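In: build the 3D model from these lines:
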Amino acid sequence: MPAGAHAIDDAPMNYFLKKIGFFSSGGSFMDGYVLSIVGVALGGMTTALKLSARDAALIGAASLAGIFFGSLLGGRVTDSLGRRVMFLVDVSAIGIISLASAFVGHAGELVVLRLLLGLFIGADYPIATSLIAEFTPRKQRAIGMGIVSAAWYLGATAAAVVGFVLYTTPNGWRWMLGSAIVPCVVLFIGRHDIPESPRWLAQRGRLDEARRVVGRVFGDQVDLDDEQPVRLGFRPVFRRGYLGRIVYLGVLILCQVVPMYAMYTFGPSIVAAFGLGQGRDSVLGETLVSLFFLIGSVPAMFWLNSMGRRPLLIGSLALMAVGLLIPGVAPAAPIGVIIAAFAVYAFFSGGPGILQWLYPNELFPTPVRATAVGVAIAISRIGVVISTYAMPLFLSAHGVGPTMLIGCGLIVVALVMSVAMAPETRGLSLSQASSLESSSKNLGKENGHG
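Out: Okay, the predicted model is just below:
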């Protein structure tokens, strides 16, 4: 590195970096949007397409099954072919498939389209988050991933608002499903001039290209960081040391997102089960809960740097568990109590929600970073697919109280594992955070053994 030059990890933020973060988070926005909009549209679809409970469950689970395969394969392809190869293709596909969903004639068609939709959304996760992690300086990395997390909740909130507006429109459910093409067009335009990751280019031996990208994005006073080459493929993600990380991350994300995805996919049904409104009013209730998810992600972006990753994660999971325990043991409690409990759960989901994107990108090196993100997301989606299919059936058979208690139990599992395994990566460069030696030392310090 030339004398006086900064590494990417220590570079100052600029307009172009903010643009990369903003438009890279679009895949997360689309995930929140298309997942939530189908929950709002289910009411109209059920009547128009004569859906059974099994049909509704399949429609809800199809996109999540697609995300499983998309994140797993997309991460591997991203590490092999580059971050930018699918960056425009996937957002185009999401828009086209969403538009096609507005013209379905029966449940089977919608199941297939939702599966394809999830495939491309899942592929966007490792592409976009790897780009953000590899471009963003260390002091802004938590904020960059916080934007990704907030984008999910923003997409879900936007879907609830759009669903509320279109709820009484003739064939409103078709307009809801097709409306996703609008943000896709905006994302396509914003993404077209975002370059390839210089870290990835350097790992592939394309140093001249990498330096040109660094000069274009950061200026002359920033140079490439030094990273050790790592063999490509799935195997390095499961090698000794990294295996524990990927298992922990998969379980952490699974336990966190299963209750959240169920709440968004079948939000109006859950809200109605608590007596908080029926029909269009239940959509309004879901919108309120969604706003707490979104609001909670904002301070968490800064707390991750001031408090640290590990203490914020553990404290947040404990409060999230309390938020689901109250409606679980007292589903007939006053409406104010139920809303307050949901607000606590949703608000404190902010920190863990950011870490599901931040941790995988920090804890694995550049050549396998996207693969690791994809594998962690895929592990979590196995449970999400099963739970989303089973959730409406369980809710119908056992009621809303036991359903909330299962969600609480999953959060407790994540809490126990985090106390034992969550690392502290605050203040580390990407190469330091992904190093097995430095990260284990940081965990020891956080536990009082350093």
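
In: C-alpha coordinates for the helix or strand harbouring M260, PDB please?
Out: Take DSSP states H and E as the rule and M260 turns out to sit in helix 242-265. Listed next in PDB are the C-alpha coordinates belonging to helix 242-265 (Å, rounded to 0.1, in the frame of the first residue of the first chain):
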ATOM      1  CA  TYR A 242     -15.900 -21.900  10.200                       C
ATOM      2  CA  LEU A 243     -18.300 -24.800  10.600                       C
ATOM      3  CA  GLY A 244     -19.200 -23.600  14.100                       C
ATOM      4  CA  ARG A 245     -19.800 -20.100  12.800                       C
ATOM      5  CA  ILE A 246     -22.100 -21.300   9.900                       C
ATOM      6  CA  VAL A 247     -24.100 -23.600  12.200                       C
ATOM      7  CA  TYR A 248     -24.600 -20.800  14.800                       C
ATOM      8  CA  LEU A 249     -25.600 -18.300  12.200                       C
ATOM      9  CA  GLY A 250     -28.000 -20.600  10.500                       C
ATOM     10  CA  VAL A 251     -29.800 -21.400  13.800                       C
ATOM     11  CA  LEU A 252     -29.700 -17.800  15.000                       C
ATOM     12  CA  ILE A 253     -31.300 -16.500  11.800                       C
ATOM     13  CA  LEU A 254     -33.800 -19.400  11.800                       C
ATOM     14  CA  CYS A 255     -35.000 -18.800  15.300                       C
ATOM     15  CA  GLN A 256     -35.300 -15.100  14.700                       C
ATOM     16  CA  VAL A 257     -37.000 -15.100  11.400                       C
ATOM     17  CA  VAL A 258     -39.500 -18.000  11.800                       C
ATOM     18  CA  PRO A 259     -41.900 -16.000  14.100                       C
ATOM     19  CA  MET A 260     -41.200 -12.800  12.100                       C
ATOM     20  CA  TYR A 261     -42.000 -14.300   8.700                       C
ATOM     21  CA  ALA A 262     -45.100 -16.000  10.100                       C
ATOM     22  CA  MET A 263     -46.300 -12.700  11.500                       C
ATOM     23  CA  TYR A 264     -45.800 -10.900   8.200                       C
ATOM     24  CA  THR A 265     -47.100 -13.700   5.900                       C
END
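
In: so which elements touch that helix?
Out: The elements that helix 242-265 packs onto, with contact taken as 3 or more Cβ pairs under 8 Å, 6 or more residues apart in numbering; DSSP states H and E, are helix 26-48, helix 280-306, helix 350-362, helix 369-398, helix 400-421. C-beta here means a position set from N, CA and C on the backbone, and glycine is covered the same way.

In: any idea which of those helices is most buried?
Out: Burial of those is given as mean neighbour count (mean count of other Cβ atoms under 10 Å); helix 350-362 ranks first at a mean of 28.

In: average pLDDT for that one?
Out: Helix 350-362 comes out with an average pLDDT of 91.

In: quick one on the thing from earlier: same list, the helices and strands packed on helix 242-265, but as JSON lines with distance to H106 please.
Out: JSON lines is the format used below for those (distance: least, Cβ to Cβ, whole Å):
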{"stretch": "helix 26-48", "distance to H106": "10"}
{"stretch": "helix 280-306", "distance to H106": "25"}
{"stretch": "helix 350-362", "distance to H106": "35"}
{"stretch": "helix 369-398", "distance to H106": "19"}
{"stretch": "helix 400-421", "distance to H106": "29"}
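
In: of these, which is nearest T168?
Out: T168 lies closest, by Cβ to Cβ, to one member of the helices and strands packed on helix 242-265: helix 280-306, at 6.8 Å.
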